[in-house]
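Enquirer: how would this look folded up:
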Amino acid sequence: MVELVVIGGTGLAAFVAATVETARRLGAPRALGEWAKARGHRYTPADPKAKIGARAFGSRGDVLFTIDFCRVRGEPRTRVVADVPRGRVPRIALVQRSRFERMFGSALPVLGLPEIDDAYIVHGLEGPEARELVEPLLAAFERLDRRSDVRLFADAGRVTLMWAGVEPDPRVLDAGLAVVLATVAWEKPDAPYR
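Expert: Next up is the predicted model:
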């Protein structure tokens, strides 16, 4: 009898999780549209025939950005992209550690910020420079860290942030956009002037 209850409870939990994820996936495009409208950005709904997900377009100063829903290796993702209008941003990649890595892996302090060192692997910039970029964004990274497979890539003329799933929460969309815009705006001279 106990086995039936456990099996039934496990099946019910799986069903509820699948139902919640389906509702999130179906409600996310509408939420992205409402987010875009509330912030004065343009929105285009998904086009299944062209295999294009829902997208929001906007600008902050001279920086144009796009937030869209895409698929990477068949998995749905939320992506925030901005091109650098002039100059270049330093190469950096922040890749979220898996829950398993956090539990059993050892995080080497790179930035001296436990919130980031425990949660992300940093590539590209040296510790002090990466800290200068990331430290003002701790609240945004904390909000994003509730999602999985968060990845930030900056390379010369483009900054891309993405995470698993389609995002219905406007606060998480705001956090993602804040990270991308701050990365685009961050400039570090290669060498001091003499």
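
Enquirer: using PDB, list the CA coordinates for the helix or strand containing L173.
Expert: For L173, the host element (DSSP states H and E) is helix 170-185. Extracted C-alpha coordinates of helix 170-185, given in PDB (Å, rounded to 0.1, in the frame of the first residue of the first chain):
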ATOM      1  CA  PRO A 170       9.400  40.800 -15.700                       C
ATOM      2  CA  ARG A 171      11.800  41.200 -12.800                       C
ATOM      3  CA  VAL A 172      14.100  38.500 -14.300                       C
ATOM      4  CA  LEU A 173      13.800  40.100 -17.700                       C
ATOM      5  CA  ASP A 174      14.800  43.500 -16.200                       C
ATOM      6  CA  ALA A 175      17.800  41.800 -14.400                       C
ATOM      7  CA  GLY A 176      19.000  40.200 -17.600                       C
ATOM      8  CA  LEU A 177      18.700  43.400 -19.500                       C
ATOM      9  CA  ALA A 178      20.600  45.300 -16.800                       C
ATOM     10  CA  VAL A 179      23.500  42.800 -17.000                       C
ATOM     11  CA  VAL A 180      23.700  43.100 -20.700                       C
ATOM     12  CA  LEU A 181      23.500  46.900 -20.800                       C
ATOM     13  CA  ALA A 182      26.100  47.300 -18.100                       C
ATOM     14  CA  THR A 183      28.400  44.900 -19.900                       C
ATOM     15  CA  VAL A 184      28.000  46.800 -23.200                       C
ATOM     16  CA  ALA A 185      28.800  50.100 -21.300                       C
END
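
Enquirer: mind checking how far that helix is from the chain centre?
Expert: 8 Å (CA atoms, centre = their mean, to the nearest Å).

Enquirer: do stretch 119-137 as well
Expert: Centroid separation for stretch 119-137 versus its chain: 16 Å, with CA atoms, centre = their mean.

Enquirer: ends of that stretch, how far apart?
Expert: 14 Å (CA to CA, to the nearest Å).
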